[in-house]
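# based on what follows, work out the 3D shape:
(2 chains)
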Amino acid sequence: MTTEALSPTRERSPLNNRLRAMLTQENIITLVVAIIVAGAVVVPLAVLFVSSFKVLDPLGWDTTWGFGNYVEMFTDRIIPKAFLNTLIISSGSTILATFLGVSLAWINARTNCPGRDYLEPYNLIPFFLSPFIGAIAWHNLGEPQTGLLNNWVRDIFGVDWALINIDNIYGVIWVTGIFFAPLVYLFVVGSLRRMDPSLEDSARTTGAGLIRTTMTITLPLVMPGILSGAIIVFVTSAGEFGVPFKLSAPYGWETLTTQIFSKAVGDDANHFLGAAMSMALGIITVLLIWIQQRYIAPRSFTTVTGKGFRPNVLDLGPWRWVAFGYNLMFIAVAVVLPIVCLIIVSLHPVWTGKIVWADITTINYVKTLFWWRPDAIAAATNGIVNSLILAFGGASIAMVMALVISYMIHRTKGFGVRMLDFLSVVPIGFPGIVLAMGVLVTYIQTPIYATLWILMLAYITRFFPYGQRNISSIMLAISEELDQSSRMAGASWFTTLWRITIPLLKPGLFAGWILLFIIFLRELSISIILFTTGTETLSVGVYYLTNFENEPLTAALSMAQTVLLLIAIYAFRRFAGREALTA
Amino acid sequence: MSMNADTMDPKVSINHLYKSYGEETAVKDFNLDIAPGEFVTLLGPSGCGKTTTLRCVAGLERPEAGEIRIGTETVVAPEKDIYLFPEHRNIGMVFQSYAVWPHMTVFDNVAYGLRVRRASGAEIKRRTMNALELVGLDQQADRFATKLSGGQRQRVALARAIVYEPEVILFDEPLSNLDAKLREQMRDEIVRLQKEVGITSIFVTHDQSEALVMSDRVVVMDKAVIQQIGDPQDIYANPVNSFVANFIGVTSLLEGKLLSRDGEVCDVEVPGANGHDGLRIQAIGGEGAQAGDKLFLSLRPEDITLHLDKPEGTGHGNVVQGNVIDTIYLGSFLEGRVRVGEHEIGIQIDHYENLTPGQPVYLSFQPEHGLCLTD
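Down below sits the predicted model:
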C-alpha cells in the first residue's frame, strides 16, 4: 500500500529501492511490536533459565555457575515429595474435573434433564471464582474439629467422629477438581450441542444401538475437546498455589508451587533454587500445552456445518430427576455451600465450628473493608484498592495490546507477524507462579520492583493471550473485505480501524476485557511472588489474613472478593457469550 | 422398472401416518405402499412433511398414529404400542449433510454396518471393498473422510448405506449440498446404483427435476398432506390441482369460470380487467366442475406457440393477443412473459426472435394443452 503512494517519477538507486521496500510501515510496526512483546514474554523466561544455573553458596553471599540447584531438587528432603504431590494432585483433579465436566455437559446438552437452561450459568460460576477462596471455604466446611459439615453431622446423628477431613491432598484434589470442572465442561458442551445430529442418526440407521453409537461416534467426536480440557486442567492444577497452600502444605503435603513460594519469599529465600524449580514445573506444563495446541486442538472435528441443529436429546425417563439432582449437588458443593459457609464464618468474632446467634457481628467486614478506620487491617484494605487498580488498568492495557497484536496477525503481513503469533501462545504454557519467578529475578534490582507496575507487567504478560484469542476469533469470522470496502470508499487506514474494525470487534473486546478483569481481580500465584508491603492484592490480603489473622476475618475479605467477582460474572453473562471462555 | 404395488406384497407400507410437533401438524393421514425395488420420491416444498415422513420410516421420529411396515415386520404402530429403534429396522439412510464420520477412514465408515452386524473379518473386507468399488472409491479406502470432497463424501455415505443390503434405503435430500454439475452426476449415479442393486428406495427432495428424473413414482406433498401420487409423466401431464401444476415444471395459472362443457372440452371464461375483454378459451379437464364454478387454467410454456402476426386459418386452437413483457436469454432457448389482459403467460421459444418489450404478439395453444383444475 505504502509504496504505491510514492511518486513513480522519482529516481532511486536499486539498493535504495530494496531498502525502502523492506522499510514499509507494516514491517516496521509489526517488528517493533514483536520486539516489545518478546521483551515482556521472553526476557523473564530467559533470565529465569539463566538464574537457575546460579548456585548460592552456603553462606548466601555469593553465587557460582553450575547444576547445583537441579541436583538439590533431587536430593532435597522435601522437594522430590513436593514433585510427587503435585503429580498426584494434578492427576487426581484432572480425573475428577473431567468426569464432572463431561457428565454435566452431557446432561445439559443432550438429555431432557429438567431445568437445564437455568442450570448452565450456575455450573460455570466456579470457573470465575477463586479456587483459593474455595479452599478457605472448604477448610471451614470440612476441617475435622471446626468444620461446619462435620459439626452438622455430629449434631444431627450424635456421632463423635468427623465425617470428612479436607486438610490433605485429597481435599486439594476435591477443591481443584470441582473448581476446574467448568473448564472441561466448556470444552465439551459446545461440540456436544452443535454436533450434526445426522452423524449419530446415521449410526443408528446403520444398525448401532444407543450405547454403541455413544461409544463409537459421539465420544470419539468430542474426545479432542475432552483431552484439551483435561490437559488444561492438569496444567492449571499443577500451577495452582492457593489450594495446596491452604489445605495441604500446613499439614505436611508440600507441592512444587508452595515450595517455589517459600524459596521466593521469607528468611531462607533462595531465588536461584526457586528458579530451577520453576523451570522444572514450566518445562512440564509447556510440553503439555504444546501437545494440546499442536496435536489435539487441530484434531477437533468440524462437526458443525453452520446450520442451526437441534441436537439429539435423550429421554432419560425417571432418571432425569437423578441427573437433575446430580447437577444440583454439583452447584451445591461448588457454589452454594462454600458461599454460605463463608458468610456464616465471617459473621462470627471467632470461629469455633458452631453457629452462635448471640455473637453475630459485622466487625470482620469493618476491619477488612473500612480503610479509614484505625483498626482497619492494611493488607486487606490495600488489597481491594490495588486489585481494582490492577484489574481496571491491566485489563484495559492488555486489551489494547491484544487488539494491536490480533490486528497485526490477521490483517498485516509484516516480518513480525509470525513471531507475534508464536509469542501470544507462549505465556499460556507457563503457570503464573513460574512467570512471576522470572519477572522477580529479572526486575528485582530495578525501580519497578515493589511497585504495582511489576504486578501489572506480570499480569498482562501472562494473561494477554486470553484477550488476544477473544479478538482473534472474531477477527477470523469477520471478512477482511469489510475493511477493504472501507478503504475503497476512500477512508484512511486509521478511519477504517476506528469506524469499521473496532466497532465490529466490540463484543470480543468487551468479553475479553471482563474476562481479564475477573482473572486479575482474583489473581494469587503471580501476586504472591511479587507483592511487597503496600502492594498487596485482594488474594494476597486473603492470604495474609488466613496466615496471620483468623478465619472470620479471612472469610469476610473472601466474601468481599466473591461479591466483586459475582458482579463481574453477571456483567460477563449479560454482555458476552459462552464462546468467549474457551477462546 | 415401475412395478404395480397392487400385484405383490409391498416392501414398505405406510398407513394413516400422523405426526405433529405441538400445535403444528407435520404429516396427516399419509398412506403409501412401495413395491420391492421401487424408487419412490417424496416431493414438496420445505415444511411439507416429506422429511418427517422419512424420519418416521427410519425410526428417528415417533409418529402419533398410524402404522409402518417394512417387509413383513411392523416397525411402528403407536396404537399397538409397537416401536422399533432405528437400529432394529434393517434400513440404510443417506443424509443431506453426508454425516460421514470424520474420525474414521473411508473403509471404516463403510464397514461400520457390517461390524455392527458381526460379520466375519473376510466378509467385512470383501463386502466393503465391493461397495466402495460400486461407488468408485475403492482407491480411497484408507483415506480419512475429512480429506474427501463433497461428492466423494456422499458416495461414502451411499456405500455405507447399501453395504449390508438393507430392506430399504432412505435418502434425505442427499444432493442439495452439492453444486449443480456434481448434483446431476450424483443423481444419475444413484439411479444407476439403485437399478443395479435393485434396492427399494425412498427419496426426499424439494427439487422437482430430481424427482422427475429419478423416480418410478412421485408423491407430491404440501401442508402435511399428500397432494398426488403418480409416475413422473402422469404427474407432469395430469396434475390434480393448481399446487401440483405449479410445483412440477413451469406453468401459468389463469383463474377463470366454467361456462359450459361439451364432452371432454370445457368452455372457460377468463375475465379481463380494466376494460379488457374476457378471454374465451377451450380446454380439457375440470372433472366434477359445474357451469359457473371457479377454475384454474394451467398452461405449460412449451405448449404455447408464438406468432408475430395474427395466425391465419384454422387449426391453431385458442388464439389470444398480448404484449411482450420481457424475455430472458437462456442459451438454447428463450423464456418470455406475455401480458394478456391482466394475466401473465410464460412462453418458451426455441428459436431466436427479436422481441421488444411492449410488442404486440399472438399466442395459440390447442384445447388439450389447456388443463382445467378445480382447486
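
# isn't A:Ile519 up against A:Phe463?
Yes - at 5.5 Å, A:Ile519 and A:Phe463 qualify as touching, with contact defined as CB atoms under 8 Å. C-beta coordinates here come from the backbone N, C-alpha and C atoms, glycine included.

# tell me which residues touch A:Trp138, please.
A:Ile166, A:Gly171, A:Trp174, A:Val175, A:Leu247, A:Pro338, A:Cys341 (CB atoms under 8 Å, 6 or more residues apart in numbering or on different chains).

# how near is the residue lying closest to the fifth one once chain neighbours are set aside to chain B?
If the residues on either side of it in the chain are set aside, A:Leu247 comes closest to A:Gly171, at 4.5 Å by CB to CB, 6 or more residues apart in numbering or on different chains. For A:Gly171, the distance to chain B under the criterion CB to the nearest CB, to the nearest Å works out to 38 Å.

# now do the helix or strand hosting A:Gly171: distance to the chain's middle.
Take DSSP states H and E as the rule and A:Gly171 turns out to sit in helix A:169-194. Here helix A:169-194 is found 13 Å from its chain centre; the criterion is CA atoms, centre = their mean, to the nearest Å.

# for that helix, buried residues please.
Of the residues in helix A:169-194, A:169-192, A:194 count as buried by neighbour count, 16 or more other CB atoms under 10 Å in any protein chain shown.

# what of stretch B:39-52?
Result for stretch B:39-52 [16+ other CB under 10 Å]: buried residues B:Phe39, B:Val40, B:Thr41, B:Leu42, B:Leu43, B:Gly44, B:Cys48, B:Gly49, B:Lys50, B:Thr51, B:Thr52.

# out of those residues, which are inside strands?
B:Phe39, B:Val40, B:Thr41, B:Leu42, B:Leu43 (DSSP state E).

# without its sequence neighbours, what residue ends up closest to the last one?
Which is B:Leu43. B:Ala211 (4.2 Å).

# just checking, what packs against the helix or strand where the one you found lies?
Element membership of B:Ala211 [criterion: DSSP H and E] is helix B:208-214. Secondary-structure packing of helix B:208-214 (3 or more CB pairs under 8 Å, 6 or more residues apart in numbering or on different chains; DSSP states H and E): strand B:39-43, helix B:180-197, strand B:200-205, helix B:232-237.

# need those in JSON lines with mean pLDDT and distance to A:Glu240, can you?
As requested, the helices and strands packed on helix B:208-214 are exported to JSON lines (pLDDT from 0 to 100; distance: least, CB to CB, whole Å):
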{"stretch": "strand B:39-43", "mean pLDDT": "95", "distance to A:Glu240": "58"}
{"stretch": "helix B:180-197", "mean pLDDT": "89", "distance to A:Glu240": "53"}
{"stretch": "strand B:200-205", "mean pLDDT": "95", "distance to A:Glu240": "54"}
{"stretch": "helix B:232-237", "mean pLDDT": "90", "distance to A:Glu240": "69"}
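
# out of the ones you listed, which comes closest to B:Asn90?
strand B:200-205 (11.5 Å; CB to CB).

# ok, that closest one near chain A or not?
No - using CB under 8 Å from any CB of the partner chain, strand B:200-205 stays clear of chain A, with a minimum separation of 12.3 Å.

# other SSEs contacting that strand?
Counting contacts by 3+ CB pairs under 8 Å, 6+ apart, strand B:200-205 packs against strand B:39-43, helix B:50-58, strand B:168-172, helix B:208-214.

# number of residues surrounding the residue of the stretch 1-150 of chain A found nearest chain B?
In the stretch 1-150 of chain A, the residue that lies nearest chain B is A:Asn112 (14.3 Å; CB to the nearest CB). By other CB atoms under 10 Å in any protein chain shown, 14 other residues sit near A:Asn112.

# tell me the contacts of it?
Per CB under 8 Å, 6+ apart, neighbours of A:Asn112: A:Val313, A:Leu314, A:Asp315, A:Leu316, A:Arg320.

# and it, how far is that from A:Pro431?
40 Å (CB to CB, to the nearest Å).

# enumerate the residues of the stretch 51-200 of chain B near chain A.
Counting by CB under 8 Å from any CB, the stretch 51-200 of chain B sits next to chain A at B:58-60, B:85-87, B:89-93, B:95-97, B:99, B:101-103, B:112-113, B:116-117, B:146, B:157, B:160-161, B:164, B:170, B:172.

# and with 6 Å instead?
Contacts of the stretch 51-200 of chain B with chain A, taken as CB under 6 Å from any CB of the partner chain, map to B:58, B:60, B:86-87, B:91, B:93, B:95, B:97, B:99, B:102-103, B:112-113, B:116.

# and what of the stretch 201-350 of chain B?
Counting by CB under 6 Å from any CB, the stretch 201-350 of chain B has no residue next to chain A.

# and the residue of the stretch 201-350 of chain B nearest chain A?
For the stretch 201-350 of chain B, CB to the nearest CB, closest residue to chain A: B:Ile202, 12.3 Å.

# beta partners for that residue?
When assigned by DSSP bridges, B:Ile202 has beta-bridge partners B:Val40, B:Leu170.

# what about it, neighbour count?
B:Ile202 has 27 nearby residues by other CB under 10 Å.

# B:Leu295 and B:Cys372 touch, don't they?
Yes - using CB atoms under 6 Å, B:Leu295 makes contact with B:Cys372 at a distance of 4.8 Å.
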